[in-house]
Structure formats: C-alpha cells, structure tokens
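Enquirer: need a structure here:
(2 chains)
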Amino acid sequence: MRHLLGRLLATIPVMVVVAVIVFALLHLSPGDPAFVLAGDTATPEEVDRVRAALGLDRPFLVRLTEWSLNVLRGDLGESIFFGRSVSELIIQRAGPSIALSVLAIAIAIAVALPLGILAAWAAGRWADRFAMGFAVIGFSMPVYVLGYLLIFFFSVKLRWLPVQGYAPLEEGLWSFLRFLLLPALALGLVYAALIARVTRSAMLEVLGQDYMRTAQAKGLGTLRIVFRHALKNAAIPIVTVIGIGFGMLISGVVVTETVFNIPGVGRLTVDAILRRDYPVIQGVVLVFSAVYVLVNLLVDLSYALFDPRVKG
Amino acid sequence: MSARRLLRHPAIASGALVLLLLMAGAILAPWLWTVDPQAISPLSRLKPPSSAAWFGSDMVGRDLYSRTLYGARISLIVGLSVACLATALGLAIGLLAGFNRLFDGLAMRVMDGMMAIPAILLAVAMIALTGASLQNVIIAITVSEVPRVARLVRGIVLQLKASPFVEAAQVVGTRFPALLVRHILPNAAPPLLVQASYMFASAILVEAALSFIGAGSPPSEPSWGNIIAEGRTVFQIAPHIVLFPGLALAITVLAVNLLGDGLRDALDPRFERR
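Expert: Below you'll find the predicted structure:
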C-alpha cells in the first residue's frame, strides 16, 4: 500500500513539469508565435486577435497560474478553429484511438512473446536469426509505410478489407474489426518488434540461471519450464519495455489514424496542425503525456505481481 | 577496439556499407541520371515505373527517382545533425548533472518531464509555434532526444565516480579536466556512440513522420515524408509514389539500426553476445 501511494505521488512532479513545459513552449518560443499561428496571409488585426486568444498579451506568470487552475478543473482551453472546449473535442475523439491502441497492443503482445521466447530458446540458431531479423526490420519500418503496404495487398489487390475508415463498435463487432484490423496490425507489428527483442534478451538471462537447470533436472516439461518458471522471471523487463514503447505507440497512433482516415485524437492533432489550432495541440500533448505517465505507473505497480520482493 | 576489428562485425559492415552508398547517392545526386526534382511535366502525370522514369512520376509529372534520391539529402542531414547536436548537448547536461548535486536535482526533473512527452508530439508543438523549416525540425527533434542522452551520461558518471579507479585517480590528485579526459570520457564514449546511432535512426523516422503529417520540412522540399504525404490521395491508382520513398526510408533506417546493434554488440560489455 505504501509502495502504491509512493509511486502515485511520484508521478505528480512529472506531470507538473510536463504541464509547465507544454505551457512554456508557447510563451518562451523564439519569434512571435501569434504571427506564425495566424498564418502568412494574416492582417495585423488577425495576429492581435490570435495573440489575445492565446493570452500572449498578458504576463507569463499570470497566465501560468490561470492556465494551471483551469487544467486542474479539466478545462484545456478553447479551440481557435471550432470555438469549442478542447477537453470536449478530445473526449469526443477518444473512442477510436483507444480501440486502435488496445487492439494494437493485443496484437503486439500476441506476436512478440512467442517470437521472443522462440528466439531465446533457439539462441544462435536459424529460428533466432529469423525472428530477430523480423524484429530489426519491423523496428525500422515506418508505421505509415507498413500501413500503405497492408492496404495495397489486403484492400486494393485482394479486396478482403476496406481501404480506410472507421466503424464504431455499436455498429457491430464485425464491421468494427474489419476497419480496425489493418491499422492495428500496422501499429502492432512495429511495437511487437521492440517487445520481441527485449523478451529474447530477458528470457536468455533467465534461461541461463541455475534454477532452470534444476527445473530441467527434476523432469519438468519444456512448456511448463518456459511459461511457469522462465517467463514469470523475465516479466519485469518485458512489461517495462511495453510501458516505454507506449510512447512510440502514441506517436504511431497519430500517424496511423492519418493513413487509415480514423476519426480519433491523432487525426484531431493532424487537423489542428494544418489549421494552426494551437490550443488543441497543447491539450492533446498534455493528455497523451498524462496517459503515457499513467501507463508507466501501472507498469511500475505490476512489478509486485511478478516479483513478491517488490511490495505492492 | 580498432576500427578494422569493428568493421569485421557483419552487422556493422553491412549497415556502414549501405549507409555510405546512401550518402554517396545523396551527395552525387545531380550526376546520377537525375533530372530537376522539382521540374513539373503535366504530360507525364502518374506514370508507373518504366525504363525512362525508373520510379515513375507523381501527380504533376515530377520524376520520382530524382525526388527520392534528393530526398535522401534531407533525411541524412536531419539524422546526422540531430545525432551530433543531441549527443553534444546531452553530454554537457549529463556531465554537469553527474558532478553538481544542485544542478542534478533540477535538470533531471525537467528531463523526466520532457521524456514523458511522446517525441513526435513535443516536436509538433515546437514546430507549430516556430514555423516549419528544416532548421526548426532539427531543433525540435534534438530537444526531444537530449533527455535520454543526458540521463545516460549522468548514469555513467555516477557509476564511474563510485568506481575504485576513479577514486584512486582522485586520491592521487588528478585534476578535474584530466579526470574528465582520461577516465570519464573514454568510458562514456562507447555507449554514447551506440546511443547516437539509434538517435540517427529515430531522427530520420521522426522527420519523415513530421513531414507526413504536415509539420515537417516545407512542402516545397522533396523530403521522403513530403513525397509520401503527397502520394497519399492517389495511393490506390499510383501506389509507387508512396512505395519508393517509403522503401528508401525503411532501408536507410534499417542500415542505421544494424550499425547501432552491431556497435552495441561490439562495444557495450553489458550486452555481450552469448
């Protein structure tokens, strides 16, 4: 319990720093952000309007206090383009992004664990080389290039799946999955490459331990040794990399939603970039970072599940 | 470890070879059967690859082979600049943090906060405010990479400071600059080199992703991300516009990652090959 509380409290300073950085970017960026955000064709009046909307005409500390109090109340400001609350916009678009990330993580873990275990089991042999070759290629493949390759083969050539778009779960599981499968695969395979590499090295570490020889000597079956004994002891680095890789997943979501035309938070971000809608960008950065910190908090807390020496 | 021995490592040799070829291609682009990458030719729009135009042409008839080859320049410039700048800045911050308690506490809190912001989003926010240009893209990606280097260097310094040979050096009165040059830097160099190669790869990926979502180099530049973004709308009738620069991107990053993996194998004792 004390461990849990300690971890929870430790995330607060991180989030405070994140919030201050996100806020300070706007106020400390060189040049005149209002001028950049208003666009090349803006009149001086329009620039002034943007400056006032962003609060750039008021002192830094006044704005920081005001903004922090608003953020604590869940108010992330107002979109310049939509004239609506940024929090509302993000909540409205969260569904598709959550669905995409969850499915991508599921695919990544389902691919990476067997691959990493296989590679460690066959270390140095061809299966290992093959698996790690796949991993380093997956690691180097930009998500959107993989996405277009998948669309090209499965949608354009084979016509098995729709090219782009999104159907919410309420319209039925089948159409939901039909639209989401390719983007989740593109995103998941890149993530899988990262997890597989760490799974391999963590498993190698464990397989070399004395208690593995003991388990073999007392006649336990291979599967039982690998899953009950080895994987559990290798779990901590694996969940750690799943947590760290989540940052990559978030960046991937932004790009993947653009490729597959999914109306999620990533698409909202890209549209905001094109419309120079800074409050939306600011809100998205803050929310995504909070999710990232939260996921890594959960990863930290999960250590206690795998290793009783870490107190829960 | 000598350079010759490093080059005998298959991953290092193949990665370095591909990378050198790419660099040569990027530098020598004007003499490698290219045409002006920006020259439009409305009569030959969306042509598939042929013996006349090896990679085909895009929606305004620009030659895709020339654009892809010139695009390598932008990717490599961004990759190299970010790797060098982030290593230098991270080294400076990491050393200061490792040797100064007060600075350490403050800097590491800021670094933790920066590392909690996904790299692309931090870059997007910075570029949205400063405007899209090659220089701003390099600065934005560098800023998002610095914390990792700083953390790495700080860790190494703290570890070395506690190690017997550094303590011994201090006891016999080695001055700080000599300590730094003789003991700290040589030991920090191998992991830093590995980290720099990974940053090289990740900077290329981030730059292309930023261009792809419209927050990277200005659309007038033929960067790989820009070419892919332009080809997006006509992907179903002319997939080659996306595929060729996409492949070039993947091969480049793969080569750099192979180089990084090989260096890690060869230089970092903690990751010894089994």
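
Enquirer: Could you use CA atoms for every contact and neighbour count after this?
Expert: Fine.

Enquirer: Chain B contacts on the stretch 1-150 of chain A?
Expert: A:13-18, A:21, A:25-26, A:29-34, A:36-37, A:136-137, A:139-142, A:145, A:148-149 (CA under 8 Å from any CA of the partner chain).

Enquirer: give the contact list for B:T68.
Expert: B:P222, B:S223, B:W224, B:F244, B:P245, B:A248 (CA atoms under 8 Å, 6 or more residues apart in numbering or on different chains).

Enquirer: The same query, at a cut-off of 6 Å, please.
Expert: Going by CA atoms under 6 Å, 6 or more residues apart in numbering or on different chains, B:T68 touches B:P245.

Enquirer: Specify the local secondary structure of it.
Expert: Assigned by DSSP: H, G, I helix; E, B strand; the rest coil, the conformation of B:T68 is helix.

Enquirer: how close does it get to B:F55?
Expert: 9 Å (CA to CA, to the nearest Å).

Enquirer: Next: B:D265.
Expert: 37 Å.

Enquirer: again with A:I281
Expert: From A:I281 across to B:F55, the span is 36 Å (CA to CA).

Enquirer: quick one, helices of the stretch 51-200 of chain B?
Expert: B:64-99, B:101-115, B:119-130, B:134-161, B:164-171, B:176-179, B:185-212 (DSSP state H, counting those that start in this stretch).

Enquirer: could you pull out the helices for the stretch 1-150 of chain A?
Expert: A:2-28, A:33-38, A:44-54, A:60-72, A:86-121, A:126-140, A:143-150.

Enquirer: how close does the closest residue to A:L182 other than its chain neighbours sit to A:G172?
Expert: Of all residues not flanking A:L182 in the chain, A:L150 sits nearest, at 6.6 Å (CA to CA, 6 or more residues apart in numbering or on different chains). Distance of A:L150 to A:G172, computed by CA to CA: 23 Å.

Enquirer: Low-confidence bits of the chain, can you list those?
Expert: All of this refers to chain A. Residues of chain A that meet the criterion pLDDT under 70 lie in A:1, A:31, A:310-312.

Enquirer: Actually, chain B is the one I wanted.
Expert: For chain B, the ranges with pLDDT under 70 are B:1-2, B:53, B:61, B:268-274.

Enquirer: Now do the same contact list for the residue positioned nearest the centre of it.
Expert: Centroid-nearest residue in chain B: B:F200, 2.0 Å away (criterion: CA atoms, centre = their mean). Contact partners of B:F200, counting by CA under 6 Å, 6+ apart, are B:G79, B:A83.

Enquirer: Repeat that for the one 3 residues further on.
Expert: Taking CA under 6 Å, 6+ apart as the criterion, B:A203 is in contact with B:G79.

Enquirer: Please work out how many residues are found near A:D40.
Expert: By other CA atoms under 10 Å in any protein chain shown, 8 other residues sit near A:D40.

Enquirer: And it, how close does it get to chain B?
Expert: A:D40 sits 10 Å away from chain B, going by CA to the nearest CA, to the nearest Å.

Enquirer: Just confirm yes or no for the helix or strand harbouring A:V287 near chain B.
Expert: Using DSSP states H and E, A:V287 falls within helix A:278-306. Yes. Helix A:278-306 is in contact with chain B by CA under 6 Å from any CA of the partner chain, via A:V285, A:S289.

Enquirer: Show me which positions of that helix end up buried.
Expert: Within helix A:278-306, the residues scored as buried using 16 or more other CA atoms under 10 Å in any protein chain shown are A:278-304.
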